[in-house]
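Visitor: here is a sequence with its predicted model. Questions after.
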Amino acid sequence: MAPDTRQKRRITILGSTGSIGTSTLDVVRQRGGRERYEVLALTGNGNVELLAAQAKECGARLAVTADESRYAALKDALSGSGIEAAAGRAALLEAASGDADWVMAAIVGTAGLAPTLAAAERGADIALANKECLVSAGDLFVDAVARGGGRLIPVDSEHSAIFQALEEDQRHAVERIVLTASGGPFRTWSRKEMAGVTADIARAHPNWSMGLKISIGSASMFNKALEMIEAKHLFDVRPEQIEVIVHPQSIVHSMVGYVDGSVLAQLGAPDMRTAIGYALTYPERAPLDVDRLDFAKLARLDFEAPDEVRFPALRLARTALTRGGLQGAVMNAAEEVAFHAFVAGHIGFLAMADIAEETMERLAHLPPASSMDDVFAGDEEARRVAAGLIG
Ligand code: NAD
Ligand code: MG
C-alpha cells in the first residue's frame with residue numbers, strides 16, 4: 001500500500017553536513033526515508049556541495065547555508081532539482097522555525113543557539129545534539145522548549161543514556177547521575193606531554209568519530225565539562241549529584257543511581273546513530289543496523305577516577321555549576337574562542353583551560369541572565385575577554 005503522506009513526520013536537520021547531521025540522515029534512511037519522513041529543511045555552512053547532494057537524496061524542500069558567500073554555489077548545485085536554496089542567518093532562523101514536527105539540533109557551538117531556540121519556541125520536538133544551548137542558556141532554553149510545547153530529547157550519548165535509564169515516575173528517587181568519559185587520546189599522558197600537542201594529534205579520538213570541536217574537547221575533557229552543565233539543566237539535579245567516571249571502552253554510555261543503591265546503565269557500541277535513532281522514534285524503539293555488543297569479546301569494562309589536575313576543565317565545570325548564573329555561558333564562549341586559537345596554532349593545548357578559567361574569574365560578577373539577550377551579551381563579553389587574553 002502506498003504510504004499516507006499525511007502520516008509522514010516532518011523533520012528538519014540543522015547542521016546536516018556535520019558528523020551528527022550525516023548520521024541523522026543515515027538513520028532517517030534506515031527508518032524508511034522518504035516513505036516515512038518529509039524533510040522540510042537541511043542546513044549547513046561551507047560545504048554546499050554535500051548539502052545539495054543530501055537535499056536531493058532525501059527530497060528536502062529547502063537547503064540553507066549559513067554562509068552567505070556560498071549562496072550562488074548552493075543555488076547552482078541545486079539547479080533543476082526544485083529544491084529551494086537560501087543563505088544567511090535570517091534564512092537559517094526561518095528554516096529552524098518552519099513547520100517541522102521534529103528538529104535535529106546539530107549545529108556546532110554557540111552558532112546553534114539561536115536557531116535551536118527558534119525551533120523550540122515554534123513547538124517542534126527538539127533532538128538536542130548541540131550541548132552549547134544548555135550550557136549557555138540553561139533553564140531559559142529548557143523553559144523555551146516547555147513554552148513551545150515540544151519535547152526535549154537528548155542526543156548526546158551520555159544524556160541519551162541517562163534519559164533512557166531514568167524512570168519517569170521515580171525522578172524523586174534519583175541519588176546521582178554518573179557521566180562516563182572515554183578519557184580521550186591523552187588519558188594517560190602527563191601535562192608535560194600534553195603541552196606540545198597539535199590539533200592533528202588531539203583530534204584523533206580512540207573510540208568515536210566526531211566533528212573537530214568535540215574531538216578536541218574530548219582530548220581536553222572540555223566536552224565532559226560542557227556535558228556536566230548540560231546534565232544539570234536536562235535532569236534538574238544538584239551539582240553534587242553529578243559524577244564523572246572515566247571508562248576507556250565507551251560501552252557504558254552513562255548511569256543513573258537511585259536511593260536504594262541500584263544503578264541503571266545504558267550500554268551500546270560507540271555509534272551516535274543509536275542515540276539519534278532513539279530520539280527520532282522516541283518513545284518507541286525501532287530496528288537499527290548498528291554493531292551489536294559481543295560481551296565475550298569485550299571481556300572487560302574498566303573504570304577509573306578522572307584527574308582534575310591534568311584535566312582542569314572538569315574543575316572549571318564544577319566552578320560554573322556552583323557559581324551558576326552566566327558562568328556556563330562564559331566558560332563555553334571562552335572555550336570556543338580558545339579552541340579556535342588552538343586549532344589555528346596560536347596557543348598551546350593547555351592554554352585553552354587557562355583562558356577559560358581566567359575569563360570566568362574576570363566575569364564572575366555578571367548577574368544571572370533573566371532573558372536570552374542577557375545570555376547573548378554574556379557570551380559576547382566572554383569572547384571579548386578571552387580574545388584579549390590570547391592577544
Ligand atoms: P561538525 O563540525 O561535524 O558539524 C557541525 C555542523 O554545523 C555542520 O553541518 C556545519 O555546517 C554546521 N555549522 C558550523 N558552523 C556553523 C555556523 N556558524 N552557522 C551555522 N551552521 C554551522 O559537528 P558535530 O560533531 O556533528 O557536532 C554537532 C553538535 O553535536 C555539537 O554541538 C557537538 O558537541 C554535539 N555532539 C556531537 C557528537 C558527535 O559524535 N559528533 C556527539 C555528541 C554531541
Ligand atoms: Mg557526549
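Guide: Now that the structure is in, tell me what you want to look at. Ligands and ions are numbered 1, 2, ... in the order given.
Visitor: what does the stretch 101-250 of the chain put close to ligand 1?
Guide: 106-108, 111, 129-132, 156, 208, 210-214 (Cβ under 6 Å from any ligand atom). Quick note: C-beta positions are derived from backbone N, CA and C, even for glycine.
Visitor: ligand 2 next: which of these are close?
Guide: residue 156 (Cβ under 5 Å from the ion).
Visitor: most widely separated two among the residues of the stretch 101-250 of the chain next to ligand 1?
Guide: 111 and 208 (21.6 Å; Cβ to Cβ).
Visitor: quick one, what contacts residue 277?
Guide: With contact set as Cβ atoms under 8 Å, 6 or more residues apart in numbering, residue 277 has these partners: 27, 30-31, 286, 288, 290.
Visitor: re the thing from before, tell me the buried residues within the residues of the stretch 101-250 of the chain next to ligand 1.
Guide: 106-108, 111, 129-132, 156, 208, 210-211, 213-214 (16 or more other Cβ atoms under 10 Å).
Visitor: which ones among those are found in helices?
Guide: 132, 213-214 (DSSP state H).
Visitor: so residue 290 sits right up against residue 272, yeah?
Guide: No. Counting by Cβ atoms under 8 Å, residue 290 does not reach residue 272; the two are 9.4 Å apart.
Visitor: which of the two has more neighbours?
Guide: Comparing residue 290 with residue 272 by other Cβ atoms under 10 Å, the one with more neighbours is residue 272, at 24 against 16.
Visitor: from residue 278, how far off is the more buried one?
Guide: Noted for residue 272: a distance of 11 Å to residue 278, by Cβ to Cβ, to the nearest Å.
Visitor: which residues touch the residue of the stretch 101-250 of the chain found nearest ligand 1?
Guide: Closest approach between the stretch 101-250 of the chain and ligand 1, counting by Cβ to the nearest ligand atom: residue 211, at 2.5 Å. The neighbours of residue 211, taking Cβ under 8 Å, 6+ apart as the test, are 18-20, 108.
Visitor: one more time with 7 Å
Guide: Contact partners of residue 211, counting by Cβ atoms under 7 Å, 6 or more residues apart in numbering, are 18-19, 108.
Visitor: could you do residue 83 as well?
Guide: 55-56, 60-63.
Visitor: would you list the phi and psi of it?
Guide: Residue 83 adopts backbone torsions of phi -90, psi 130, taken as degrees, to the nearest 10.
Visitor: same thing with residue 171?
Guide: phi -60, psi -30.
Visitor: where does it land on pLDDT?
Guide: pLDDT recorded at residue 171 is 94.
Visitor: distance of it relative to residue 118?
Guide: 29 Å.
Visitor: between the two, who's got more neighbours?
Guide: Neighbour count, other Cβ under 10 Å: between residue 171 and residue 118, residue 118 has more, with 21 against 12.
Visitor: what's in contact with stretch 107-125?
Guide: By Cβ under 7 Å, 6+ apart, stretch 107-125 touches 14-15, 18, 92-93, 96-97, 100-103, 105, 126, 130, 132-133, 136-137, 141, 144-145, 147-151, 153, 211, 213, 332-333, 336, 372, 379.
Visitor: no, scratch that, I was asking about stretch 147-155
Guide: With Cβ under 7 Å, 6+ apart as the criterion, stretch 147-155 contacts 20, 120-129, 142, 145, 160, 163, 234, 275-276, 279, 282.
Visitor: look at the residue of the stretch 201-350 of the chain found nearest ligand 2 and say how many residues are nearby.
Guide: Ranked by Cβ to the ion, the top residue of the stretch 201-350 of the chain for proximity to ligand 2 is residue 227, at 5.5 Å. By other Cβ under 10 Å, 27 other residues sit near residue 227.
Visitor: which residues touch it?
Guide: Residues near residue 227 by Cβ under 7 Å, 6+ apart: 131, 156, 158, 179.
Visitor: what pLDDT does it get?
Guide: 98.
Visitor: element containing it, please.
Guide: helix 222-235 (DSSP states H and E).
Visitor: ok, and the closest non-adjacent residue to whatever residue of the stretch 101-250 of the chain ends up closest to ligand 2?
Guide: For the stretch 101-250 of the chain, the residue closest to ligand 2 is residue 156, as judged by Cβ to the ion, at 4.1 Å. Leaving aside its sequence neighbours, residue 156 sits nearest to residue 131 (Cβ to Cβ, 6 or more residues apart in numbering; 5.6 Å).
Visitor: residue contacts, that neighbour?
Guide: 156, 226-227, 230.
Visitor: rerun at 10 Å
Guide: Neighbour list for residue 131: 105, 108-109, 112, 154-156, 158-159, 214, 217, 223, 226-227, 229-231, 233-234, 332 [criterion: Cβ atoms under 10 Å, 6 or more residues apart in numbering].
Visitor: where's the closest residue to ligand 1 within the chain relative to ligand 2, distance?
Guide: Taking Cβ to the nearest ligand atom, ligand 1 has its nearest neighbour within the chain at residue 18, 1.9 Å off. The spacing between residue 18 and ligand 2, counted by Cβ to the ion, to the nearest Å, is 14 Å.
Visitor: leaving aside the residues adjacent along the chain, what's closest to that residue?
Guide: Residue 18 sits nearest to residue 211 (Cβ to Cβ, 6+ apart), 5.3 Å away.
Visitor: from residue 291, how far out is the one you found?
Guide: 21 Å.
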